[in-house]
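Sequence plus the predicted model coming up.
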Amino acid sequence: MTGGSGEAAGGKADFDPAALAGFLDERFGRAPLSLERIGGGQSNPTYFVDHGRRRLVLRKQPTGPILRGAHAIDREFRVLEALAQTNVPVPRAVLFHAEPEPLGTPFYLMERLDGRVFHDCALPGIAPAERRGLYLGMAEALAKLHAVRPDDVGLGDFGRTGNYFERQIARWTKQLRESRGEVIAELETVAGWLPTHLPDDDEQVAIAHGDFRLGNLLFHPTQPEVIGILDWELSTLGHPLADLGYCAMPWHTAPDEYGGILGLDHAALGIPSEAEFLAHYYVHAVPTAPLTRFHLVFALFRFAVIFVGIADRVRSGTAAAANAADFAPLAQRFARRALEAIEGAGVILGRSEA
């Protein structure tokens, strides 16, 4: 068993592993415990947990002060439970523990799936034909999610409905204003542009993942098929085009900007064009309005503000990931990409703009 010193393979645990061992022994029977902290979660600490024959993943709130509504692991657990009855690929939710003891914060456990996670959208080491399949599989998984009617799975109250983009712009602009970091002029310009270019509200409502990208998908070990959509912290009821615009960002960002594919030879690599990717989504999706420049700019703005938040956590010493400081400078880079999209540079959307 991992000892009670706070050490875990892959990095120091932010709780006493002996406390977790006791908790699991009480619920599942005594068994050896191994614990490994894993990367990928910039916000909620995440661990592989082996308890006897049980292979689990633990996600918990970080230690320290938490803003109201942030690190909502209870919502993650709820949406995983709800989607288990659908064809949306998600890990099985095991249990949610709402009390701070014994780990210091609430946490939940889900099953651990065997598969592949790709954090580089160029997919190095993958054959061109499979690269294409992986991207198309991503589009199909997103279409499956957006086809679920929230009321049918008990998520009708999972978020507010109506005026989604208006509310989201206000939320992320407020978060930007609350940052104690240096003002990013480009980001302020984008924050001013978005409210004046809101599309008409078509009242379409879907379960919006909020962070749907290649790095949050688990693929089959040998097939280009998504077997698990991960990291549901930002999920809510929203508009499907928020997720789709977010998925389009890699075509507008460079490889050193969180693994984008701008400037790469997509045809040689086997990566579908942006237009092909979006068309594949629309083929599999429920009827959905066209993706426009607004949705791409919104996605880039929102991701830039997320990086502002990461920079704030780095300064306060509460960042969950050891490499968080590497991502903090990307706020300005993504703000500049949003300005390029506003100005029309490199914008090639899959459907004609409204």
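Good, I have the coordinates.

measure stretch 205-218 end to end?
Start and end residues of stretch 205-218 are separated by 25 Å (CA to CA, to the nearest Å).

Same check on stretch 170-190?
Counting by CA to CA, you get 13 Å between the two ends of stretch 170-190.

That one: which residues count as buried?
172-173, 175-176, 179, 184, 186-187, 190 (16 or more other CB atoms under 10 Å). From N, CA and C alone the C-beta is placed, and that goes for glycine too.

Which stretches in this protein count as strands?
Listed in chain order, the strands of the chain (DSSP state E) span 7-8, 11-12, 33-38, 46-51, 54-60, 93-97, 107-111, 206-208, 217-219, 226-229, 236-238.

Out of those, which is closest to Gln168?
strand 236-238 (7.4 Å; CB to CB).

Spatially central residue for the chain, please.
Geometric centre of the chain, nearest residue: Asp211, 2.7 Å, by CA atoms, centre = their mean.

That one contacts Glu233, doesn't it?
Yes: with contact defined as CB atoms under 8 Å, Asp211 counts as touching Glu233 (7.2 Å).

which ones are touching Phe96?
Taking CB atoms under 8 Å, 6 or more residues apart in numbering, we find Phe96 in contact with 73-74, 77, 106-108.

out of those residues, who has the most neighbours?
Within those, most neighbours by other CB atoms under 10 Å means Phe107, with 25 neighbours.

Any idea what that residue is bridged to?
Beta bridges link Phe107 to Lys60, His97 when assigned by DSSP bridges.

who's in contact with it?
Remark: with contacts taken as CB under 8 Å, 6+ apart, Phe107 is in contact with 58-61, 73, 96-97.

Tyr135: which of these is nearest?
Among those, Arg59 lies closest to Tyr135 (CB to CB), at 26.7 Å.

What's the local residue count around the closest one?
The number of residues packed around Arg59, counting by other CB under 10 Å, is 23.

For Ala19, see how far away Pro102 is.
Distance of Pro102 to Ala19, given as CB to CB, to the nearest Å: 4 Å.

what's the burial count for the residue nearest to Ala21 when sequence neighbours are not counted?
Leaving aside its chain neighbours, Ala21 sits nearest to Leu33 (4.5 Å; criterion: CB to CB, 6 or more residues apart in numbering). Neighbourhood size, Leu33 [other CB under 10 Å]: 20.

Over to stretch 122-135 now: how far is its first residue from its last?
So stretch 122-135: terminal residues 10 Å apart, CA to CA.

nope, stretch 32-52 is what I meant
Where stretch 32-52 begins and where it ends lie 5 Å apart, using CA to CA.

doesn't Pro17 make contact with the residue nearest to Ala21?
Yes: counting by CB under 8 Å, Pro17 is a contact partner of Leu33 at 6.8 Å.

Report the contact partners of Asp243.
Taking CB under 8 Å, 6+ apart as the test, what Asp243 contacts is 142, 145-146, 206, 208-210, 212.

Please, a ChimeraX command that selects the buried ones among the residues you listed?
Buried residues among the contacts of Asp243 (16+ other CB under 10 Å), as a ChimeraX selection:
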select :142,145,146,206,208,209,210,212
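
Among the contacts of Asp243, name the ones in helices.
In this view, the contacts of Asp243 that belong to helices under DSSP state H are 142, 145-146.

where along the chain do the helices fall?
Secondary structure of the chain (DSSP H): helices at 17-28, 73-83, 128-147, 164-178, 185-193, 240-248, 266-269, 274-284, 293-316, 324-327, 330-343.

Dump those into TSV; add mean pLDDT as well.
Below are those laid out as TSV (pLDDT from 0 to 100):
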stretch	mean pLDDT
helix 17-28	97
helix 73-83	96
helix 128-147	98
helix 164-178	95
helix 185-193	97
helix 240-248	97
helix 266-269	97
helix 274-284	96
helix 293-316	89
helix 324-327	66
helix 330-343	95
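
which of these sits most buried?
Neighbour counts (mean count of other CB atoms under 10 Å) averaged over each of these peak at helix 240-248, with a mean of 25.

tilt between that one and helix 330-343?
Taking axes from the mean of the first three to the mean of the last three CA atoms, to 10 degrees, one finds helix 240-248 and helix 330-343 inclined to each other by 110 degrees.

quick check: angle from helix 240-248 to helix 274-284?
140 degrees.

biggest separation within the buried residues of stretch 170-190, which pair?
Spanning the widest gap among the buried residues of stretch 170-190 are Gln175 and Glu186, at 16.6 Å by CB to CB.

wouldn't Leu269 be in contact with Pro128 here?
Yes: Leu269 lies in contact with Pro128 (CB under 8 Å); the separation is 6.0 Å.

Show me the beta-bridge partners of Leu218.
Assigned bridge partners for Leu218, using DSSP bridges, are Gly228.

Contacts for stretch 137-148 next, please.
Contacts of stretch 137-148 (CB under 8 Å, 6+ apart): 83, 86-89, 206-207, 209, 212, 214, 217, 219, 224-226, 229, 240, 243-244, 247, 277-278, 280-281, 284-286, 288.

Give me the number of neighbouring residues for the closest residue to Glu111 other than its chain neighbours.
Using CB to CB, 6+ apart and skipping the chain neighbours, the partner closest in space to Glu111 is Arg92 (4.3 Å). Other residues within reach of Arg92, judged by other CB under 10 Å, total 14.
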